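Q: with the input below, show me the fold.
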Amino acid sequence: MADYITKEGMLRLRLRMNELIKERSVIMKQVVTAREMGDLSENAEYHAAREKQRYLENEFNHIKSRIGKLQVIDPINIPKDAVRFGALVTIRELSDGKIRKQQLVGIDEVYENKNEYERISLASPIGKAMIGKKNGETFMVKAPIGDRKFKIIDIK
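A: Numbers count the residues shown, from 1 in each chain. Have a look, this model is predicted:
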C-alpha cells in the first residue's frame, strides 16, 4: 500500500522542514559558541548543543525521507460510496452506542485539528478495518480488551 498524504499534510511537512532549516543555523552558532568555552569533555553547553543538533538532523532526515515516499492525494476526487483515504466517517460502537467522527489520513497526518473529526491513520486497527466498508455495514476491530464492533453511519 502506498503512503498517502493530503495536500494539507504535505504542506505541513514542508513547513516543518523549513523551520528545521532555520533552526540549524541557530544551533550551529550554539555549538561554535560552546566549543569556544574550552575543554569539550566537561563542557555541558557543548554537549547540550550537540544533542539538539543531532535531534534536529534526525527529524530533518526523517521528514525528507518521508516526503520522498509520499503520494499526495486530494480526497475531494475520491468517490464517497465507501470508506477510503481522506473520508470523513461517522461510526457507532455497537457495545455502548458511542458515536465517533473520524477522518482517515496517512500516518504523517495524525495530529490535533480544530474540526469535529478525529484524525486516524489508515494503518491503525480501526482504519484498516473500515477501509472499503459502506454506509450501514459493520466491522470488527481486534483489541487487547477484546473484539469491538462498529457500524458505519455516514461517509463524507
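
Q: give the other helices and strands that the longest strand anywhere in the chain contacts.
A: Assignment by DSSP state E gives strand 146-155 as the longest strand of the chain. Contact analysis of strand 146-155 by 3 or more CB pairs under 8 Å, 6 or more residues apart in numbering; DSSP states H and E lists strand 88-93, helix 125-130, strand 138-143 as its packing neighbours. (C-beta placed from N, C-alpha, C; glycine too.)

Q: could I get these in CSV, plus columns for mean neighbour count, mean pLDDT and distance to residue 50?
A: Output for these, formatted as CSV (neighbours: other CB atoms under 10 Å; pLDDT from 0 to 100; distance: least, CB to CB, whole Å):
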stretch, mean neighbour count, mean pLDDT, distance to residue 50
strand 88-93, 18, 96, 44
helix 125-130, 19, 95, 39
strand 138-143, 13, 94, 42
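
Q: what's the single longest helix in this protein?
A: helix 7-35 (DSSP state H).

Q: now do the buried residues in it.
A: 9, 10, 13, 20, 27, 30, 31, 34 (16 or more other CB atoms under 10 Å).

Q: which residues sit in contact with the third one?
A: What it means is residue 13. 5, 63, 66, 67, 70, 108 (CB atoms under 8 Å, 6 or more residues apart in numbering).

Q: and if we set it to 7 Å?
A: Residue 13 sits next to 63, 66, 67, 108 when contact means CB atoms under 7 Å, 6 or more residues apart in numbering.

Q: one more: the last one?
A: Residue 34 is in contact with 43, 45, 46, 49, counting by CB under 7 Å, 6+ apart.

Q: now do the second one
A: Under the criterion of CB under 7 Å, 6+ apart, the contact list for residue 10 reads 70, 72.

Q: low-confidence stretches in the protein?
A: 1-2, 39 (pLDDT under 70).

Q: care to break it down by domain?
A: 3-72, 75-155 (automatic domain parsing).

Q: ok so, going back, can I get the helices and strands packed on strand 146-155 in TSV including distance to residue 156?
A: As requested, the helices and strands packed on strand 146-155 are exported to TSV (distance: least, CB to CB, whole Å):
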stretch	distance to residue 156
strand 88-93	4
helix 125-130	14
strand 138-143	18
